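Q: got a predicted structure here, sequence first:
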Amino acid sequence: MKTTSKKPAAAGPALKSTDPATLRDMIAKQAYELFETRGCQHGHDAEDWLEAQRIVCSRLEAVSELGPKPSAPKSSRPVVTQRRSARR
């Protein structure tokens, strides 16, 4: 019986720009939530970690697909930094 393994998709911008420590924390939190959902049954840590990794990466990919947030339109007028004194 031949098993096929899927190649991981190329990492999107959100995944690439995420700090490794932050990514690890996100996965750890998700894995713990899966552990709790399972009723805190021990012995499934590797499964929970891999599933959490899949969930977090797919969320980050979804964010990447949305693209950057649109910025506010820039005014052509310069920003006044000092108030002018009123002349009388």
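A: Now that the structure is in, tell me what you want to look at. Numbers count the residues shown, from 1 in each chain.
Q: mind listing what's buried along the lengthiest helix in the chain?
A: Ranked by residue count, the top helix of the chain under DSSP state H comes out as helix 45-66. Neighbour counts over helix 45-66 (16 or more other C-beta atoms under 10 Å) mark 48-49, 52-53, 55-57, 60-61, 64 as buried. Bear in mind the C-beta positions are built from the backbone N, C-alpha and C, glycine included.
Q: check stretch 30-37 too.
A: 30-31, 34-35.
Q: could you dump the residues you listed into TSV and include pLDDT, secondary structure and distance to residue 23?
A: As requested, the buried residues of stretch 30-37 are exported to TSV (pLDDT from 0 to 100; DSSP: H, G, I helix; E, B strand; the rest coil; distance: C-beta to C-beta, whole Å):
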residue	pLDDT	secondary structure	distance to residue 23
30	97	helix	11
31	97	helix	12
34	96	helix	17
35	96	helix	19
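Q: what's the most distant pair in those residues?
A: Taking C-beta to C-beta, the two most distant members of the buried residues of stretch 30-37 are 30 and 35; they sit 9.8 Å apart.
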